[in-house]
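Colleague: sequence and computational prediction follow.
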There are 2 protein chains.
Amino acid sequence: MLMIVQELGWEELAECNKAMGDQSRLRMLALLKTEDLCVCELVEILGMTQPAVSQHMRRLKSAKLVKERRQGQWVIYSLDGERLPYFRSVVDSLPDLSYEIEALKASGKKVVCD
Amino acid sequence: MLMIVQELGWEELAECNKAMGDQSRLRMLALLKTEDLCVCELVEILGMTQPAVSQHMRRLKSAKLVKERRQGQWVIYSLDGERLPYFRSVVDSLPDLSYEIEALKASGKKVVCD
DNA sequence: CAATATTATAAGCATATGATTATATACCGT
DNA sequence: ACGGTATATAATCATATGCTTATAATATTG
């Protein structure tokens, strides 16, 4: 089976980098590297308002760096980024924030159990 | 000899990505991948004003993605980006624009001969 | 030193960005 | 269908960004 990987244009390339050009969104990607998370969990960990998180996720989603799925009342985000050749390199270079997720679980606020 | 590579913080990481989050600056990086260039050559190739190019290069320089050296009356820019772990991956994924530089040479407007 | 060429900086302006508050939409349990 | 929880969108606002024009700074040449 032949897979055609569509070449990214300048516009899309710039959009991907812009999407990764914000500290909050970088932290979100770093968190999603460890585990898929829903919006309210990101809100809890990052200490941001819910609309702020939603809007950041929209930006990441429109750059195709994350994808979403609905699970009950939650919308769960996960890393995507197959279209961006160096996305894995970027994500790998992000600090490990798994301890944040551990802390969330310890506090009993982890809501989604896959 | 032990080389210590200073870990980049969120702030710097975001700045690097922001610096790469613009079509013009991506093109500049793509051009510098082929060959070191001075400002007036970038002006010629990209069809931008000289101040616009200078300001973009300042942004790239402050993110440490390019470095400059003076050669006579010209300031020559070249890729740097050793501090950004995935910089090479990004640059490698940029389209090849060497034909732009060839065209410049053919037109007799390549000013710097190293 | 004067004249020219190259590059950088400053100021102004239109648009983009990121946050906040308020409101709408979607799903769940009863 | 209703109330509660989760998420998205809209409106607003302060700041950032990118471009333009004008001007300054630096280097070369005569």
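Modeller: Looks like it arrived, so ask away. Numbers count the residues shown, from 1 in each chain, chains lettered A, B, ... in the order given.
Colleague: the residue most central in space within chain A and A:Met20, how far apart?
Modeller: Centroid check for chain A by Cα atoms, centre = their mean gives A:Leu29 as the closest residue, at 4.0 Å. Look at A:Leu29 and A:Met20: by Cβ to Cβ, to the nearest Å, they are 7 Å apart. All C-beta spots, glycine's among them, are computed from the backbone N, C-alpha and C.
Colleague: tell me, what's touching the two both at once?
Modeller: Here A:Leu29 and A:Met20 share the contacting residues A:Leu65, A:Val90, scored by Cβ atoms under 8 Å, 6 or more residues apart in numbering or on different chains.
Colleague: what's the neighbour count on A:Glu44?
Modeller: 19 (other Cβ atoms under 10 Å in any protein chain shown).
Colleague: hang on, isn't it packed against A:Lys109?
Modeller: Yes. Judged on Cβ atoms under 8 Å, A:Glu44 makes contact with A:Lys109 at a distance of 5.5 Å.
Colleague: need phi/psi at A:Asp96.
Modeller: Here is the backbone geometry of A:Asp96 (degrees, to the nearest 10): phi -80, psi 120.
Colleague: quick one: contacts for it?
Modeller: With Cβ under 8 Å, 6+ apart, A:Asp96 has these contacts: A:Ala30, A:Lys33, A:Thr34.
Colleague: ok, the last one to A:Glu68 distance?
Modeller: The reference is to A:Thr34. Applying Cβ to Cβ to A:Thr34 and A:Glu68 gives a distance of 17 Å.
Colleague: what number of residues lie near A:Val90?
Modeller: Neighbours of A:Val90 under the rule other Cβ under 10 Å: 24.
Colleague: name the SS class of it, please.
Modeller: Under DSSP: H, G, I helix; E, B strand; the rest coil, A:Val90 falls in the helix class.
Colleague: now the contacts of A:Asp96 in CSV, with distance to chain B and secondary structure?
Modeller: As requested, the contacts of A:Asp96 are exported to CSV (distance: Cβ to the nearest Cβ, whole Å; DSSP: H, G, I helix; E, B strand; the rest coil):
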residue, distance to chain B, secondary structure
A:Ala30, 9, helix
A:Lys33, 14, helix
A:Thr34, 16, helix
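Colleague: these, buried ones only, as a ChimeraX selection?
Modeller: Command for ChimeraX that selects the buried part of the contacts of A:Asp96, burial taken from 16 or more other Cβ atoms under 10 Å in any protein chain shown:
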select /A:30,33
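Colleague: ok, the contacts of A:Asp96 vs DNA strand C, which is closest?
Modeller: Set against DNA strand C, the nearest of the contacts of A:Asp96 by Cβ to the nearest atom of the strand is A:Ala30 (15.2 Å).
Colleague: thinking the closest one is in contact with A:Ser98, fair?
Modeller: No. Applying Cβ under 8 Å as the test, A:Ala30 and A:Ser98 come out as separate, 9.2 Å apart.
Colleague: give me phi/psi at A:Asp80?
Modeller: Dihedral angles (degrees, to the nearest 10) for A:Asp80: phi -130, psi -110.
Colleague: could you pull out the strands in chain A for me?
Modeller: Assigned by DSSP state E, chain A shows strands spanning A:37-38, A:66-71, A:74-79.
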